[in-house]
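1. Take a look and give me a structure for this.
(2 chains)
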Amino acid sequence: MVEYLTNTIGLSGTLAWTIAASVAAALVLNVIAGGALVFIWAERKVAARIQDRLGPTRTGGRFGWLQSLADGIKLLAKEDLMPDGADGMLFRIAPYVSFCASFCAFIALPFAFDVVGLRLNVAVFFVVAVLGLEVFGVIIAGYASASKWSLFGAMREAAQVVSYEVPLGMCVVVPVMLAGSMDMVTIAEKQAGWLWNWYLFHDPFTFIVFWVYVTCAVASVNRAPFDLAEAESELVAGFHTEYSGLRWSYFFMAEYGSMFLVSAMAAVLFLGGWNGPIPVASLLGLSTGTGDTAPYLVRLLGLANLVGKASFGVLIMMWIRWTLPRLRIDQVMTTCLKYCTPIAAAMFAGAMVWQVLLPGGLLPGVGRPGGEIREGWLEGPGGRAAAAPAAEATVVRTRL
Amino acid sequence: MLSSTIFAAAEIPATLPLAAINWHSALFLLFAAVACVAAVAVVAADSIVRMALYLVVSLSASAGLFFLAGAEFVGAMQLMIYVGGTLVLLVFGVMLTAQAPFVSIKSGGGDRLLAGFVGAALLVALLMANLSVPAWRQPASMEPPPPSATPLGMALVGVRVDEPPAGGVGNRGGYLLPFEIVSIHLLVVLVGAAYLARAKRRKVPRAIEVAASVEPPASVAEHAAIGRGGRARSVLTGDSR
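-> Have a look, this model is predicted:
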């Protein structure tokens, strides 16, 4: 894009970079905001159907498409209240802290091959690190509200998120180990091809680890059955009891943004990323086709794939939320420390052993694109690290 | 497309002519200013929770500086360890200051004066040390190092991929031993922390042990003897007497 702006239109370098960066930022922002609108509507419809109701039916036609927009306008018009005893500065800043953390994590999330805000060499690590920061906003909100309900909710959330980061990190390490890279683009590219190339079906251990990841991801974004932070029947509304209007909606946007983020990450790490179950693009010969439009078509297809998978993940979370009852705090901790962590650790070890003993998979005929390349670390973005001599690669190979 | 280099402003001067604003310098100044102001605010604030928030802002801005310099791994580490660690600090702050006596912590004028003096002395020392290195006075070369954590990671498991092997086969020269020592150290610390934090189990003898240690009264022994029609047995321990 920068090349296009400078070469074709003839803008100066700085201006081109500014425009390109702004476009990228605006796109990511719209993914979160527009996604929140769609998902809130979907949540209401899903909840209604599960509870044998109709949900929104009037605003914007038969299915209530415009309900979220109407809600948004209502929220904009609401009075922005603040309790008397609140710590004003912290109370005002808390929703933005939450939202910024959610937004920052999207920077490193690839939506299709090469459609990524910033291709980081350590993208997985970055996303996990930033995702853990969202809880800051919640704790600050709970503290600054000067309300017992809020404080209880925030403390529960802190305990929960800090605990669940451990098994979540372990689950994330397994695909990283299989791909030999923390670059999300590389990880997804290694799963190209048919359905069975996905890391979900790599070996039995990754299959189990995926479900542990799902559990931890639901817990880390505070969705039911792990929504103790806002347990509405006990704590009124938890950490956002005292919030109203636009600030409250920032919390909601952060929540839905994080839901989409962890789902997209599950898609990239375990479900092949932008590679569909059937490699349509390569069957049609698009990926090898030359010309101007073919790569864009492939990327568009990949984009649809990834967004579809991530949205499906969000729908699953909604399904879980309206099906399962809320856990108690001790049950939440037990699930994390006694089940998720040991299972994740054991599966990590199992996947490691599997990778050493059966690097090609059970069926030798089924080609795995990344299976042959044990020294996957050699192919960094742009092949920069490829300067290492091939002899060393074999040394590493034998040592590994 | 939205390729990898959109935000990597460090590469601008290499490929494009410098225009009115140099985004690299502008962002550097922005992050540096945020980090410094927030760092001052940490010591100037009264409430522990606010201090923690300012600390988070300051550390995040330093992480931004790392990202700007192309050290992505260090930046992510900064976020994960320091900013994430401050989270726990914040939790403790909230738990402590939810009660009245600790809500506001004010330091006296003398303390502030002393702190300012020490801080200024440290700043002067650091500035002098920095300016005394001639290589740091020129602007650094704008060619960013390849942003890859691979050489570091491979060196930690004992293989250097960034340097040619020192002598023949083997290519030892990584940091496997220090890495393992640190790992074991951390494991020991973890086990120790778990030991210290576990619920203290007081040695309370169970009821049956208490009963067994007490001599049964003579009447009980007699009853037992009568009932069995033979030797007296302690009901609980089974000792024959």
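2. Any buried residues in stretch A:238-258, and which?
-> By neighbour count, and taking 16 or more other C-beta atoms under 10 Å in any protein chain shown as the criterion, the buried residues in stretch A:238-258 are A:238-243, A:247-258. C-betas here are computed from N, CA, C, even on glycine.
3. The closest residue to A:Leu327 other than its chain neighbours is in what secondary structure piece?
-> Nearest residue to A:Leu327, sequence neighbours excluded (C-beta to C-beta, 6 or more residues apart in numbering or on different chains): A:Pro225, at 5.0 Å. Of the helices and strands defined by DSSP states H and E, none includes A:Pro225.
4. Near A:Pro225, how many other residues are there?
-> 18 (other C-beta atoms under 10 Å in any protein chain shown).
5. Next, the contact list for B:Ile94, please.
-> Not Ile; residue B:94 is Val. A:139, A:142-143, A:151, A:154-155, B:49 (C-beta atoms under 8 Å, 6 or more residues apart in numbering or on different chains).
6. phi, psi of the closest residue to A:Phe125 other than its chain neighbours?
-> In this structure, A:Phe125 finds its nearest non-sequential neighbour in B:Ala76, 4.8 Å apart by C-beta to C-beta, 6+ apart. With angles defined as degrees, to the nearest 10, B:Ala76 sits at phi -70, psi -40.
7. Could you count how many residues lie near B:Ala76?
-> Neighbour number of B:Ala76 under other C-beta under 10 Å is 27.
8. Over to the one 10 residues further on?
-> Burial measure for B:Thr86: 22 neighbouring residues, criterion other C-beta under 10 Å.
9. try B:Leu114
-> 12.
10. could you measure it against B:Glu180, distance?
-> 43 Å (C-beta to C-beta, to the nearest Å).
11. so where's chain B shaky on pLDDT?
-> B:1-22, B:96-105, B:138-150, B:158-173, B:201-241 (pLDDT under 70).
12. quick one, helices of it?
-> B:12-15, B:23-44, B:48-68, B:72-77, B:84-97, B:109-131, B:150-156, B:176-197, B:207-213, B:218-228 (DSSP state H).
13. Distance check, A:Ser163 against B:Val56.
-> Remark: distance between A:Ser163 and B:Val56 (C-beta to C-beta) = 20 Å.
14. whoops, A:Gln355 was the one
-> From A:Gln355 to B:Val56 the distance is 38 Å (C-beta to C-beta).
15. And those two? Which one has more around it.
-> A side-by-side neighbour count of A:Gln355 and B:Val56, using other C-beta under 10 Å, places B:Val56 first with 23 against 20.
16. circling back: among the contacts of B:Val94, which pair sits farthest apart?
-> A:Met155 and B:Val49 (12.9 Å; C-beta to C-beta).
17. Which of the helices or strands spans the residue of the stretch 151-300 of chain A found nearest chain B?
-> Among the residues of the stretch 151-300 of chain A, A:Ala158 lies closest to chain B, at 4.8 Å counting by C-beta to the nearest C-beta. Per DSSP H and E, A:Ala158 falls inside helix A:148-179.
18. What are the buried residues along that helix?
-> By 16+ other C-beta under 10 Å, the buried positions in helix A:148-179 come out as A:149-176, A:178-179.
19. What of stretch A:26-40?
-> Under 16+ other C-beta under 10 Å, the buried positions of stretch A:26-40 are A:28, A:31-33, A:35-37, A:39-40.
20. Would you convert these into JSON lines that also reports secondary structure and distance to chain B?
-> Shown next, in JSON lines, are the buried residues of stretch A:26-40 (DSSP: H, G, I helix; E, B strand; the rest coil; distance: C-beta to the nearest C-beta, whole Å):
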{"residue": "A:Val28", "secondary structure": "helix", "distance to chain B": "9"}
{"residue": "A:Val31", "secondary structure": "helix", "distance to chain B": "12"}
{"residue": "A:Ile32", "secondary structure": "helix", "distance to chain B": "16"}
{"residue": "A:Ala33", "secondary structure": "helix", "distance to chain B": "18"}
{"residue": "A:Gly35", "secondary structure": "helix", "distance to chain B": "18"}
{"residue": "A:Ala36", "secondary structure": "helix", "distance to chain B": "21"}
{"residue": "A:Leu37", "secondary structure": "helix", "distance to chain B": "23"}
{"residue": "A:Phe39", "secondary structure": "helix", "distance to chain B": "23"}
{"residue": "A:Ile40", "secondary structure": "helix", "distance to chain B": "27"}
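21. among those, which two are most distant?
-> Every pair of the buried residues of stretch A:26-40 checked by C-beta to C-beta; the farthest is A:Val28 and A:Ile40, at 18.8 Å.
22. wait, what's in contact with B:Ser107?
-> B:Ser107 neighbours (C-beta under 8 Å, 6+ apart): B:Ala115.
23. Let me see the backbone angles for it.
-> According to degrees, to the nearest 10, B:Ser107 has phi -100, psi 150.
24. Once you drop chain neighbours, what's closest to A:Ala36?
-> Using C-beta to C-beta, 6+ apart, the nearest residue to A:Ala36 is A:Tyr256, at 4.1 Å.
25. Kindly confirm my reading that that neighbour is in a helix.
-> Yes: assessed by DSSP: H, G, I helix; E, B strand; the rest coil, A:Tyr256 belongs to a helix.
26. what about the nearest residue to A:Ser258 once chain neighbours are set aside, how many neighbours?
-> Spatially, and ignoring its direct neighbours in sequence, A:Ser258 is nearest to A:Val221 (4.4 Å; C-beta to C-beta, 6+ apart). Per other C-beta under 10 Å, the neighbour tally for A:Val221 reads 25.
27. export the helices of chain B to TSV and tack on distance to A:Ile73?
-> Conversion of those to TSV gives the following (distance: least, C-beta to C-beta, whole Å):
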stretch	distance to A:Ile73
helix B:12-15	41
helix B:23-44	34
helix B:48-68	32
helix B:72-77	39
helix B:84-97	35
helix B:109-131	49
helix B:150-156	50
helix B:176-197	50
helix B:207-213	68
helix B:218-228	84
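28. Among the ones you listed, single out whichever gets nearest to A:Trp319.
-> Relative to A:Trp319, the nearest member of those by C-beta to C-beta is helix B:84-97, separated by 30.7 Å.
29. Just the buried residues of that closest one, please?
-> B:84, B:86-87, B:90-91, B:93-94, B:97.
30. Next: stretch A:52-68.
-> Buried residues in stretch A:52-68 (16+ other C-beta under 10 Å): A:55-56, A:64, A:66-68.
31. Filter those down to the ones in strands?
-> Among the buried residues of stretch A:52-68, the subset assigned to strands under DSSP state E is empty.
32. mind showing which ranges of the stretch 201-350 of chain A have poor pLDDT?
-> Applying pLDDT under 70 to the stretch 201-350 of chain A flags the ranges A:229, A:231-236, A:280-295.
33. what does it have sitting close to chain B?
-> Contacts of the stretch 201-350 of chain A with chain B, taken as C-beta under 8 Å from any C-beta of the partner chain, map to A:Arg299.
34. What are the boundaries of the helices in the stretch 201-350 of chain A?
-> Applying DSSP state H, counting those that start in this stretch to the stretch 201-350 of chain A gives helices spanning A:204-220, A:232-235, A:245-269, A:280-283, A:293-321, A:329-334, A:341-357.
35. Show me the shaky parts of the stretch 1-150 of chain A.
-> In the stretch 1-150 of chain A (pLDDT under 70), the answer is A:1-14, A:114.
36. ok, B:Val157 - how many residues close by?
-> 14.
37. Make sure it is actually in contact with B:Gly174.
-> Yes: here B:Val157 reaches B:Gly174: they are 6.6 Å apart, a contact under C-beta atoms under 8 Å.
38. Okay, domains of chain B per the record?
-> Using automatic domain parsing, the domain parsing of chain B gives B:1-98, B:200-241.
39. Compute the number of surrounding residues for B:Ala129.
-> Neighbour count for B:Ala129, taken as other C-beta under 10 Å: 10.
40. let me redo that: B:Leu190
-> 10.
41. Look up how far chain A lies from it.
-> 11 Å (C-beta to the nearest C-beta, to the nearest Å).
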